[in-house]
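Undergrad: Have a look at this fold, sequence not included:
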Ligand code: SAM
Ligand code: SF4
């Protein structure tokens, strides 16, 4: 979502006549996009902002802005602590950027543009894609789940789904412009549609060509599986991905859509957060470890070749060694393709911030390392089992680690590196896997895939 916000900010500014600068010293406008999910990310922004002071002294016409979640959360404190910052703009106001910057240029005063979090405003989308064949599309904004540790609902506002017509039009336009892979974005994509119409969306836009569905006995004009079915009809869309899904909304209807629709990739990012039912209850995740394991077993039954990835937080308040071991056991059992592991960071204003942050930092670090080691074992074993297979890869470009290699991803989201000419970027190719590390498959180019 942050990457897309940067693309949207760049898109609006390019549309208004701006061009990319080569370096900060070269720029008339510097915007820092920020994340508030963990304290560490915010600390990095404070120190980066400090390093921009000399640029402002050298070029007094320079406009410096902070955008994103930290802008929303820290608002006045940023302007008070960093007087060389001219603009603080929250994630729901990005479409106003050109006007706000112009106003600063004309009138030389600071601007604070942070929307009220509960409004659920969905700004106009004009994004600048880093490459021509992949694109992010936000299908909703905000989040209504209020997981006890999480700042997102406070900084990105309440959940608001975009009308399906608008999304389908945007995806069709992207595909017509050469996009092969679209990633749908939302904090809880599989609750898509629940907030449609409730917050003042035009009722005509609820009409969806797909059949009507029902969830929990309530009729819904559109749901996430129905949205997938509709987007899958767009000719030329090779790969449809989505993040993030919540285990409480991981229904058989979604799994069936994943299995049946040719464009939908067999990969599901389904954050578990913990393997302990006590922690899951206190984090307000509204499922149990048994439910989570049952859901991924069912997913594997219904969707052949599916890969599952997850997020975990270690050191949530009160997490005992035995509770952490339940997480370790879940990670071993679930055989994830990948896991993102985070040390719990208290976020002011959340429910968990009222609980004592009683797991020492060293213990969080040690649990993080242990869980990663378990996951790495799984990845080493599962990637080694891929050697000898031929996989379809959408080439993303030259490998940042080794310029002799190209990298790309399989439909199931494995990272593949192989030697070939850079001109293949954006092509779908077949690669034979000849070696593997825990994170990367190494291969040999076989052919450019025919579509
Ligand atoms: N909406 C997504 C979901 O529910 O899975 C994820 C959104 S969050 C921005 C990304 C990940 O950051 C979460 O899955 C969680 O593991 C982690 N996270 C969120 N708040 C955190 C906190 N206070 N401390 C540590 N990790 C946190
Ligand atoms: Fe945060 Fe939970 Fe919403 Fe994800 S679902 S954004 S973790 S509150």
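TA: Everything's here; your move. On a predicted model such as this, the values are computed, not experimentally measured, just so you know. Numbers count the residues shown, from 1 in each chain. Ligands and ions are numbered 1, 2, ... in the order given.
Undergrad: And residue 376, how close does it get to ligand 2?
TA: Between residue 376 and ligand 2 the distance, using CB to the nearest ligand atom, to the nearest Å, works out to 24 Å. All C-beta atoms are positioned from the backbone trio N, CA, C, and that covers glycine.
Undergrad: How about residue 298?
TA: Counting by CB to the nearest ligand atom - residue 298 and ligand 2 are separated by 21 Å.
Undergrad: what's the answer for residue 385, then?
TA: 32 Å.
Undergrad: Residue 257 now?
TA: Shown here: residue 257 relative to ligand 2, a distance of 21 Å by CB to the nearest ligand atom.
Undergrad: Find the nearest non-adjacent residue to that residue, please.
TA: Nearest in space to residue 257, with sequence neighbours left out and distances taken as CB to CB, 6 or more residues apart in numbering, is residue 225 at 4.0 Å.
Undergrad: So that neighbour sits against residue 251, correct?
TA: Yes - between residue 225 and residue 251 a contact is recorded at 7.5 Å, counting by CB atoms under 8 Å.
Undergrad: Neighbour count: those two, which is higher?
TA: Taking other CB atoms under 10 Å, residue 225 and residue 251 do not tie; residue 225 has more neighbours (25 against 16).
Undergrad: dump the residue contacts of that one.
TA: Contacts of residue 225 were listed using CB atoms under 8 Å, 6 or more residues apart in numbering, and they are 213, 251, 253-254, 256-257.
Undergrad: Just give me how far the lengthiest helix in the chain sits from the chain centre.
TA: Ranked by residue count and defined by DSSP state H, the top helix of the chain is helix 361-384. Centroid displacement of helix 361-384 relative to its chain, using CA atoms, centre = their mean, to the nearest Å, is 22 Å.
Undergrad: Please point out which parts of the next helix or strand after it sit buried.
TA: Toward the C-terminal end, the helix or strand that comes next after helix 361-384 (DSSP states H and E) is strand 390-398. By neighbour count on 16 or more other CB atoms under 10 Å, the buried set for strand 390-398 is 391-396.
Undergrad: Next: stretch 91-102.
TA: Buried positions in stretch 91-102, judged by neighbour count with 16+ other CB under 10 Å: 91-98, 100-101.
Undergrad: ditto for stretch 348-360
TA: Buried residues in stretch 348-360, defined by neighbour count with 16+ other CB under 10 Å: 350, 352, 357, 359.
Undergrad: hmm, back to that, narrow the contacts of residue 225 to just the buried residues.
TA: The neighbour-count criterion (16+ other CB under 10 Å) marks 213, 251, 253-254, 257 among those as buried.
Undergrad: Specify which member of the residues you listed is nearest to ligand 1.
TA: Distances from ligand 1 to the buried ones among the contacts of residue 225, taken as CB to the nearest ligand atom, are shortest for residue 254 (15.2 Å).
Undergrad: any idea which helix or strand carries the closest one?
TA: helix 252-260.
Undergrad: low pLDDT regions in the stretch 101-250 of the chain?
TA: 115-126, 197-221 (pLDDT under 70).
Undergrad: Around ligand 1, which positions in the stretch 101-250 of the chain sit nearby?
TA: Proximity of the stretch 101-250 of the chain to ligand 1 is assessed by CB under 6 Å from any ligand atom, with 149-150, 152, 187-188, 244, 246 identified as the residues in range.
Undergrad: Quick check: of these, which has the highest neighbour count?
TA: Neighbours here are counted as other CB under 10 Å. On that basis the top member of those is residue 149, with 25 neighbours.
Undergrad: Looks to me like it is in a strand.
TA: No - following the definition DSSP: H, G, I helix; E, B strand; the rest coil, residue 149 is coil and is not counted among the residues of a strand.
Undergrad: Mind putting the buried residues of strand 390-398 into JSON lines with pLDDT and distance to residue 336?
TA: Conversion of these to JSON lines gives the following (pLDDT from 0 to 100; distance: CB to CB, whole Å):
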{"residue": "391", "pLDDT": "97", "distance to residue 336": "19"}
{"residue": "392", "pLDDT": "97", "distance to residue 336": "22"}
{"residue": "393", "pLDDT": "98", "distance to residue 336": "21"}
{"residue": "394", "pLDDT": "97", "distance to residue 336": "22"}
{"residue": "395", "pLDDT": "97", "distance to residue 336": "25"}
{"residue": "396", "pLDDT": "96", "distance to residue 336": "22"}
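Undergrad: quick one on the thing from earlier: can you tell me which of the buried residues of stretch 348-360 are in strands?
TA: Using DSSP state E, no member of the buried residues of stretch 348-360 sits in strands.
Undergrad: per-residue confidence at residue 425?
TA: Residue 425 is assigned a pLDDT of 95 by the prediction.
Undergrad: Excluding chain neighbours, give the residue nearest to it in space.
TA: The spatial neighbour of residue 425 that comes closest, neighbours along the chain excluded (CB to CB, 6+ apart), is residue 397 at 4.6 Å.
Undergrad: I figured that neighbour hits residue 422, correct?
TA: Yes - the pair residue 397 and residue 422 passes the contact test of CB under 8 Å, sitting 7.1 Å apart.
Undergrad: Please enumerate the shared neighbours of these two.
TA: Any residue near both residue 397 and residue 422 by CB under 8 Å, 6+ apart counts here, and that gives residue 406.
Undergrad: mind listing what residue 285 touches?
TA: For residue 285, the contacting residues are 147, 247-248, 273-274, by CB under 8 Å, 6+ apart.
Undergrad: Among those residues, which one is most surrounded by other residues?
TA: Ranked by the number of neighbours (other CB under 10 Å), the contacts of residue 285 place residue 274 first, at 25 neighbours.
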